[in-house]
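Asks: My questions are about this predicted structure, shown below with the sequence.
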Amino acid sequence: MRPTSFALCLLPLAACWDGLRPFAADDGGAVDAADDAAASDAGPDATPDAAPPVDAGPPIDAAVPSDAASPVDAPPDAAPPIDAAPGTCPLLPGPASLGDRVGGPGGGTTTALPCPPGKVAVGLGITYSDQATTNGDRSAYGVTLACADVTVTGGSGTSSNQVVATASGSGGFGWTPATATAVRTCQAGWVMTGVSAYLGSASGLFANVAIECRKVAADASFSGPMTNFAVTGSGNLSINLDAASCPVGAIVGLDAKTGAGLDAVELRCAPLSCAP
């Protein structure tokens, strides 16, 4: 019998015993490699298990091919077309004020000829003596003022619902008999802003009358210069021209100054705006 070999063991008994076992052929040979591997893994320096795989997340859409245009939102709806013409403006006169006077110093009687509310002066007529007066020539016996509703739309306008008012003198002294002229009106959509007349050398006549008119824009402002229109049939006197215009707005009435005939008219003027 061979003596058994012993080795000094400083480890715990169980471990030492395990290490002191004699190697024998029926023992399976060397210590199981798997056991050694497990012991090695259990050491403090062992590498931790690999982290579990991270979810890949939802699949990403396929990239748009380089030659394909990215989808673009449809452009916003086109702005609505702008009306070709500005809106409609029914003219609305404001408060009236007394303006300048056309004519001579005579005329002891005043007759007011106001336009009805909302209307503007658009024309004038004259009643003209058929013969020379005691003041030396034919002259106006009376005056007629025409007023209307004026509406402007874009570059054009209308005058509707026209009304007239008339004042005249007491007659005699050659002012009567007399004949009325046709009413001379401004163009449609225009308003009357002034009056002119020739007075003769002694300022005792009222003849060769004309009206001053202006075109109105769709914002109630004036568009373009003033234009004069003669009152046909009011004579051809050409001495001592007198004229007056509204400083603001249009004529909305006249004050007729009379004696035996028409001596003068005073303007009544008002600013203009568009009715709501």
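Replies: All right, it came through fine.
Asks: Number of residues surrounding Ser245?
Replies: 19 (other C-beta atoms under 10 Å). For glycine as for every other residue, the C-beta is placed from the backbone atoms N, C-alpha and C.
Asks: which ones are touching it?
Replies: For Ser245, the contact set (C-beta atoms under 8 Å, 6 or more residues apart in numbering) comprises Gly99, Asp100, Thr193, Gly194, Glu212, Met226, Leu267.
Asks: And for Thr258?
Replies: Contacts of Thr258 by C-beta under 8 Å, 6+ apart are Gly107, Gly108, Thr109, Thr111, Gly142, Ala167, Ser168, Gly169, Ser170.
Asks: Any chance of a PyMOL selection covering the buried ones in those?
Replies: Selection of buried members from those for PyMOL, criterion 16 or more other C-beta atoms under 10 Å:
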select buried, resi 107+111+142+167+168+169
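Asks: Make TSV from the contacts of Thr258 and add distance to Val248 and secondary structure to it.
Replies: Shown next, in TSV, are the contacts of Thr258 (distance: C-beta to C-beta, whole Å; DSSP: H, G, I helix; E, B strand; the rest coil):
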residue	distance to Val248	secondary structure
Gly107	25	coil
Gly108	30	coil
Thr109	28	strand
Thr111	24	strand
Gly142	28	strand
Ala167	25	strand
Ser168	30	strand
Gly169	31	coil
Ser170	34	coil
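Asks: My guess is Gly106 contacts Gly204. True?
Replies: Yes. Gly106 sits in contact with Gly204 when judged by C-beta atoms under 8 Å, with a separation of 6.9 Å.
Asks: which neighbours do these two share?
Replies: Asp263.
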